[in-house]
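Asks: quick one, what's the 3D model for this:
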Amino acid sequence: MIEEATGRAKGGKARAAKMTAEQRKAEAAKMVAAREAKASLPKVIHKKLPLQLGEIQIPCAVIECPKTYKVTRVLTENGILTAIYGKAGMATGASKRSREKALNEGLAPMPLFLSPARLKPLIDENKIISALLDKIEYVDDGSVVAGYDAAILPAVCEIWLKARELGILQQQQLGRAQKAEILMRALAHIGIVALVDEATGYQDARAKDALSKILEAFVAKELQPWVKTFPLDYYKELCRLYGVPFPPPQNNKFPQFFGHLTNDAVYSRLAPELLPELKKSATRQAKKAKLHQFLTTDIGHPKLREHLASVVTVLKLSKDKEQFKQLMDIAHPKFNETMQFDF
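Replies: Residues are numbered from 1 along each chain as shown. Here you go, the predicted model:
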């Protein structure tokens, strides 16, 4: 027994029945294009809690572009509007008319939370906010959401506060400036990027992503399973012992000497003559390849994971870098080297 279509499916079926073959073909092409466009949009990779600023909550997320792997912290458009206006639907008729006028004239519409005409001169002269006005569409749980780079929030607050300082706001707009002041106070001692990362739970993952995402985009598929071999705790503990900020502030890159530390703590202690042979393989095939990519899948790679787990334990037990070296020489002495004992 074939079940009859109901609801939207029934309506869609009736609509399709009234179409010509050409119309159905055009509609199908339109749907394919829409799916492809949606697939190209950034996706949410971290979302946990809304951004809490005093009594104000703003939905936030960390998104990633599937093509460039660019990571952006975003606040939803409705969330920012609610934070300034009290409710997302409270934007005035004048603000909405200003937005519609820009659309009719082919201009980029101003966000509703900045659309009052009295703010325009301040926006035009503010270089920071001008670079953040592009709306970002992204996919969250299958739905397309509109948002803005999270860095826009303090800039928006500054515009409203500057307008109040200059005395150019109408009486009913002063309450929005008051909301902006509350937000600015909440943001005064906390960086917006760090705040969003904490709310979304992205703070512990960002360093790991920085190490692997770009590499994944360029290495051959057969090498990709090895990209995330080194655990996050390995780099966390190295940073602790060697006084390096975690996550690293400069382009999310760790110091070059971490590579020498890895050669000493890992590859020179994993198997006899392993490090020289791995370097030869890397030089022959790709100078920038990771050494662990040249290990065998049946023995080499499982052994590496086992060794790394032990190294991380030693790192966590070490109070400083000198103790780490001593404990490594005891737990995993280098091959073909005589161990030094303190009698």
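
Asks: contacts and neighbour counts: CA atoms only from here.
Replies: Will do.

Asks: so where's the stretch 1-150 of the chain shaky on pLDDT?
Replies: When residues are selected by pLDDT under 70, those of the stretch 1-150 of the chain lie in 1-16, 87-108.

Asks: ok, which stretches of it are strands?
Replies: 43-46, 51-53, 56-58, 60-64, 71-76, 136-140, 143-149 (DSSP state E, counting those that start in this stretch).

Asks: next SSE downstream of the longest one?
Replies: Tracing the chain C-terminally past strand 143-149 and defining elements by DSSP states H and E, one meets helix 152-166 next.

Asks: okay, the angle between the following helix or strand past that following helix and helix 152-166?
Replies: Later in the chain than helix 152-166, the nearest helix or strand by DSSP H and E is helix 174-187. Orientation of helix 174-187 against helix 152-166 (axes from the mean of the first three to the mean of the last three Cα atoms, to 10 degrees) gives an angle of 130 degrees.

Asks: I'd like the distance between residue 188 and residue 67.
Replies: Separation of residue 188 from residue 67 (Cα to Cα, to the nearest Å): 35 Å.

Asks: and the protein, what are its domains?
Replies: 44-200, 206-331 (automatic domain parsing).

Asks: so where's the stretch 151-300 of the chain uncertain?
Replies: Ranges of the stretch 151-300 of the chain meeting pLDDT under 70: 189-191, 204-229, 248-252, 271-300.

Asks: give the full set of residues in contact with residue 46.
Replies: Residue 46 makes contact with 61, 62, 63, 200, 201, 202, according to Cα atoms under 8 Å, 6 or more residues apart in numbering.

Asks: counting neighbours, which of those residues comes out on top?
Replies: Greatest neighbour count in the contacts of residue 46, by other Cα atoms under 10 Å, goes to residue 61: 28 neighbours.

Asks: which residue packs closest to it, ignoring adjacent ones?
Replies: residue 47 (4.8 Å; Cα to Cα, 6 or more residues apart in numbering).

Asks: tally of neighbours for the one you found?
Replies: 19.

Asks: one more: the one 5 residues further on?
Replies: Using other Cα under 10 Å, residue 52 has 16 neighbouring residues.

Asks: relative to residue 127, how far out is it?
Replies: 27 Å.

Asks: and what of residue 183?
Replies: 21 Å.

Asks: between these two, who's got more neighbours?
Replies: residue 183 (22 against 11).

Asks: how far away is that one from residue 132?
Replies: Counting by Cα to Cα, the gap from residue 183 to residue 132 is 18 Å.

Asks: try residue 257
Replies: For residue 257, the distance to residue 132 - Cα to Cα - is 37 Å.

Asks: of those two, which one has the most company?
Replies: Set side by side, residue 257 and residue 132 show more neighbours around residue 132, with 17 against 9, by other Cα under 10 Å.

Asks: which ones are touching the more buried one?
Replies: 148, 149, 151, 152.

Asks: next one: the last one relative to residue 29, how far apart?
Replies: If I follow you right, that is residue 152. Distance from residue 152 to residue 29, by Cα to Cα: 37 Å.

Asks: excluding its backbone neighbours, what's nearest residue 147?
Replies: residue 76 (4.0 Å).

Asks: quick one: contacts for the one you found?
Replies: 58, 59, 60, 145, 146, 147, 148.

Asks: these, buried ones only, as a ChimeraX selection?
Replies: Under the burial definition 16 or more other Cα atoms under 10 Å, those of those that qualify are selected in ChimeraX by:
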select :58,59,60,146,147,148
